[in-house]
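Novice: Structure here, sequence nowhere to be found:
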């Protein structure tokens with residue numbers, strides 16, 4: 001192999017190693033906090049196509065949190081079925097293409113309240129209403 005062909009070979013080999021050994025572009029945390037009210041337990045079941053995070057019962061002010069890798073295609077999606085009493089719904093809690101640049105410090109923090117779900121948006125530096133409970 002001449003010098004140019006050898007350089008091309010090493011560049012392609014390195015690119016292939018990087019691409020196939022690093023399928024994630026970022027690590028993210030999602031935090032869900034129950035602010036429904038005293039004596040109101042939030043029933044929560046979150047999952048993605050690949051991961052089922054199980055069923056959790058969060059008392060008032062308790063937190064459920066998980067960490068995951070966002071894939072290079074930015075198709076990572078987590079949704080949660082949640083409810084308490086008459087409040088019930090399914091919500092897309094993390095959508096990579098939607099959330100990568102709007103959650104602060106690689107962490108999406110959700111407050112679940114009686115009037116809906118609020119997400120901390122770094123652009124607003126505050127919690128902003130995102131979802132209503134379905135009627």
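Specialist: Yes, it's here. This structure is a prediction, so every number in the text was calculated from the model and none was measured.
Novice: Which parts of the protein are strands?
Specialist: Secondary structure of the chain (DSSP state E): strands located at 24-34, 42-47, 52-58, 63-71, 77-84, 87-95, 107-113, 116-121, 126-131.
Novice: which helices and strands sit right next to the fourth one?
Specialist: Just to be clear, that refers to strand 63-71. strand 24-34, strand 42-47, strand 52-58 (3 or more Cβ pairs under 8 Å, 6 or more residues apart in numbering; DSSP states H and E). The way it works is simple: take the backbone N, C-alpha and C, and place the C-beta from them, glycine included.
Novice: one step back: could you dump the strands of the chain into JSON lines and include mean pLDDT, mean neighbour count and distance to residue 4?
Specialist: Listed next are the strands of the chain as JSON lines, based on pLDDT from 0 to 100; neighbours: other Cβ atoms under 10 Å; distance: least, Cβ to Cβ, whole Å:
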{"stretch": "strand 24-34", "mean pLDDT": "93", "mean neighbour count": "18", "distance to residue 4": "32"}
{"stretch": "strand 42-47", "mean pLDDT": "98", "mean neighbour count": "19", "distance to residue 4": "50"}
{"stretch": "strand 52-58", "mean pLDDT": "98", "mean neighbour count": "14", "distance to residue 4": "50"}
{"stretch": "strand 63-71", "mean pLDDT": "96", "mean neighbour count": "15", "distance to residue 4": "34"}
{"stretch": "strand 77-84", "mean pLDDT": "98", "mean neighbour count": "20", "distance to residue 4": "43"}
{"stretch": "strand 87-95", "mean pLDDT": "98", "mean neighbour count": "17", "distance to residue 4": "44"}
{"stretch": "strand 107-113", "mean pLDDT": "98", "mean neighbour count": "20", "distance to residue 4": "46"}
{"stretch": "strand 116-121", "mean pLDDT": "98", "mean neighbour count": "18", "distance to residue 4": "50"}
{"stretch": "strand 126-131", "mean pLDDT": "98", "mean neighbour count": "13", "distance to residue 4": "53"}
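Novice: How about the contacts made by residue 59?
Specialist: Residue 59 is in contact with 34, 41, counting by Cβ atoms under 8 Å, 6 or more residues apart in numbering.
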